[in-house]
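>>> Fold the following and give me the result.
(4 chains)
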Protein chains: 2
Amino acid sequence: MRVRSRKGAPGIIEVAKLANVSPATVSRFYNSPELVKGPTRNRIEKAAANLGYIRDRMAGTLHHGFSGTFGLIVPTIDNAIFAELIEAFSARLQEKDRTMLIAAHGYDLAMETAIVRSLLERRIDGIALIGFDHEAVPFNMLAQRDVPVISVWNYHQDSKIPCVGADNFEAGRLITQHIIDLGHKDIAFVFPETQSNDRARDRLKGALAVIEKNNLKISDNRLLSCSYDVGAAKRLAKSVLSENAPTAFVCCNDIIAHGVLFACQNLGIKVPQDVSIVGIGDFGGSEYLEPALTTVRMPANRIGTKAADTLLQMSETGMMPKQFVESIDLEFIERASTQKPG
Amino acid sequence: MRVRSRKGAPGIIEVAKLANVSPATVSRFYNSPELVKGPTRNRIEKAAANLGYIRDRMAGTLHHGFSGTFGLIVPTIDNAIFAELIEAFSARLQEKDRTMLIAAHGYDLAMETAIVRSLLERRIDGIALIGFDHEAVPFNMLAQRDVPVISVWNYHQDSKIPCVGADNFEAGRLITQHIIDLGHKDIAFVFPETQSNDRARDRLKGALAVIEKNNLKISDNRLLSCSYDVGAAKRLAKSVLSENAPTAFVCCNDIIAHGVLFACQNLGIKVPQDVSIVGIGDFGGSEYLEPALTTVRMPANRIGTKAADTLLQMSETGMMPKQFVESIDLEFIERASTQKPG
DNA sequence: AGCGAAAATGAAAACGTTTGCATTTTTATT
DNA sequence: AATAAAAATGCAAACGTTTTCATTTTCGCT
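Residues are numbered from 1 along each chain as shown, chains lettered A, B, ... in the order given. Below is the predicted model:
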């Protein structure tokens, strides 16, 4: 295998030589500047700048075991769903001089396990996983190495691992209750497959709980399955709408809601006069659609930031976070896509 | 500082002991399996599995200089613009058993420089930057360490560094030509600030080149500035449309085009009958809008994959890629948001 | 069976830092 | 000015691999 020589790049030793100190002092200059005296500090600073020295954190990692890098594994990057979360998580780490390794598993749990392993090989200091549906293997690997892991996005009171997220059951409940409060009886539910997606599962449970509580029934043909894809949702909704239209669509997230809305527009069906639509997420854009989408805001930003903070804290203290489960508040946002059935 | 003990985690030495071989052989088992004989291989495999061994790539990196991690720095993650690129880049690296460090600089070039430094401290094997507008410092740091760098997204024939991207001048040209071919004379151009965004600059140049070639004039009040934000674009378009509406909007990207479309819908202005709209990008969703957006497809997927391949190749050979500048074809897609002026 | 060449394995020296401990320098105190 | 205590710095042994070189084992021939 090819080996890369360090070439022109100076190391701590070259810097030390030029500054007339020992390598140890240069190391301290970077890791605990308060331990090195003013004049020495200046000499090192100058020497490092002159040589264009850049630290090699890997060498340090080898020694003390912390890489300063955290992992984030999401089902998909190319999708509005997690973009905001990723950005917030990354930004917070960046503030704290840490970096983020990210990877997507495409809703494939076995792939997720492989990714965890790959990140562990890179000696991450902690890792955030989406939701609660995971294989057991990654947890064992993480536990054996004492690497902090948290679940983000979803929230359960009795989670086995620390979590930072919103209550998806509640989100499903909120939008469904809203639709029922408006007086809708013929409601279509559009959700993805929920086997390995606890967020969707919880939302659906929340939705169905409301139905049950109100002594309503949902016929099977009103329980629609659809992936998180605008095009798929649009196609599905078009076929439903042109056959036997419900008066409202409860969508598992805004992506699906967008598709349903476009289907209505395509067919000349008026929203919300003829059909009401609700989503979950409040992704960028939902606010500006015409009509603006009624939805539940998932505070992705705050989840991402808080997740980074929690992981950082766990890594630094080596302990579980004070707040083992953290619920980030949802916000129901009524906009223009829902109203009483005509 | 806290030091993490390896705790229960076994190293190559423990595996070697259990398999009754030397650590060197275990190392070879992972890096060049063909060098170790069948029975030995089996023993090592079993030992590693029993102990739950996970390699420490950092230790290897220290030795040979390759971390197996590549960097990608984008202006923003939370935005449809780069999501597809990021996903494709990441996926290809994953296939090749590499990982991706990603960070966003928020269109701040000084921040970009800081990020490059931070990634270099983590010993990345190569890095991809968006476009051609960058400070000189990061290039010097990269060059001194012989770390491959490429520009992605944009394409210039005479680029100083390898690039993989599409011709943004051409994209601007294509959409503007289309609008002019349809017979529009009163055209509004909505573009972001172009100082440190060469992609937008090139698109605008392309657009203006067409105008000039057709001996048309654009008054200053038809040259609109707007960030890549649906809400901002919608607000801007609403004010323009209610004062003195043009017959067509040429938008720097689909995000802006979406905003303009929603503004029209909000005001009851018919698209494309009253106003035509074109964007660039063909982001997810543009195809399904009503009316579907006429745009130019930026092949983000292929760019991301190709970028990863190029960087991998440079890292492995230590040489510039065979194809120094790589142009990924654009595709003009006429859909339903444009027609002849009323 | 004996030989030489090829294949498989082992021993040990890197890789570039960090940090405990030892030593030197500075500071405060008398 | 001498001394003890505190602060700053240096020395050298890690950290967990990889790889060169040396050694041993295997294999194909005669």
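>>> where along the stretch 1-150 of chain A do the helices fall?
A:12-19, A:23-31, A:38-51, A:57-64, A:80-95, A:109-121, A:137-144 (DSSP state H, counting those that start in this stretch).
>>> Can you tell me which helices and strands the first one packs against?
Contact here means 3 or more C-beta pairs under 8 Å, 6 or more residues apart in numbering or on different chains; DSSP states H and E; on that basis helix A:12-19 packs against helix A:23-31, helix A:38-51. Placement of C-beta: from N, CA and C, glycine included.
>>> got it, and the third one?
Packing contacts for helix A:38-51, counted by 3+ C-beta pairs under 8 Å, 6+ apart, involve helix A:12-19, helix A:23-31.
>>> do you know how far the closest residue to A:I124 other than its chain neighbours is from A:I102?
Among residues not flanking A:I124 along the chain, A:G71 sits closest, at 4.5 Å (C-beta to C-beta, 6 or more residues apart in numbering or on different chains). As judged by C-beta to C-beta, to the nearest Å, A:G71 and A:I102 stand 7 Å apart.
>>> So, low pLDDT: which residues of chain A?
Applying pLDDT under 70 to chain A flags the ranges A:1-8.
>>> Any residues of it in contact with DNA strand C? List them.
When proximity is defined by C-beta under 7 Å from any atom of the strand, chain A lies next to DNA strand C at A:6, A:11-13, A:23-24, A:26-28, A:30-31, A:53, A:55-57, A:59-60, A:62-64.
>>> how about the strands in the stretch 101-250 of chain A?
A:126-130, A:149-154, A:163-166, A:187-191, A:223-225, A:248-251 (DSSP state E, counting those that start in this stretch).
>>> nearest residue to A:V210 other than its sequence neighbours?
Closest residue in space to A:V210, ignoring its immediate chain neighbours: A:T176 at 4.2 Å, by C-beta to C-beta, 6+ apart.
>>> again, but for A:S196
Counting by C-beta to C-beta, 6+ apart, the residue nearest A:S196 is A:D133, at 5.0 Å.
>>> how about that neighbour, what does it touch?
A:109, A:196-198 (C-beta atoms under 8 Å, 6 or more residues apart in numbering or on different chains).
>>> before we move on, what about A:A110?
Here A:A110 is in contact with A:E135 (criterion: C-beta under 8 Å, 6+ apart).
>>> please redo it, this time with the cut-off set to 7 Å
Residues near A:A110 by C-beta atoms under 7 Å, 6 or more residues apart in numbering or on different chains: none.
>>> how close does it sit to DNA strand D?
Using C-beta to the nearest atom of the strand, to the nearest Å, A:A110 is found at 24 Å from DNA strand D.
>>> before we move on, what about A:G126?
18 Å.
>>> does that residue really touch A:V147, like I thought?
Yes: contact criterion C-beta atoms under 7 Å: A:G126 and A:V147 qualify, at 6.2 Å.
>>> between the two, who's got more neighbours?
Shown here are A:G126 and A:V147; by other C-beta atoms under 10 Å in any protein chain shown, A:G126 has more neighbours (25 against 22).
>>> partner residues bridging the residue nearest to A:I124?
Beta-bridge partners recorded for A:G71 (DSSP bridges): A:L101, A:I127.
>>> In this structure it contacts A:L119, no?
Yes: assessed by C-beta under 7 Å, A:G71 is found in contact with A:L119 at 4.1 Å.
>>> I'd like the strands of the stretch 101-250 of chain A as CSV, with distance to A:D329 appended.
Shown next, in CSV, are the strands of the stretch 101-250 of chain A (distance: least, C-beta to C-beta, whole Å):
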stretch, distance to A:D329
strand A:126-130, 19
strand A:149-154, 14
strand A:163-166, 7
strand A:187-191, 23
strand A:223-225, 29
strand A:248-251, 21
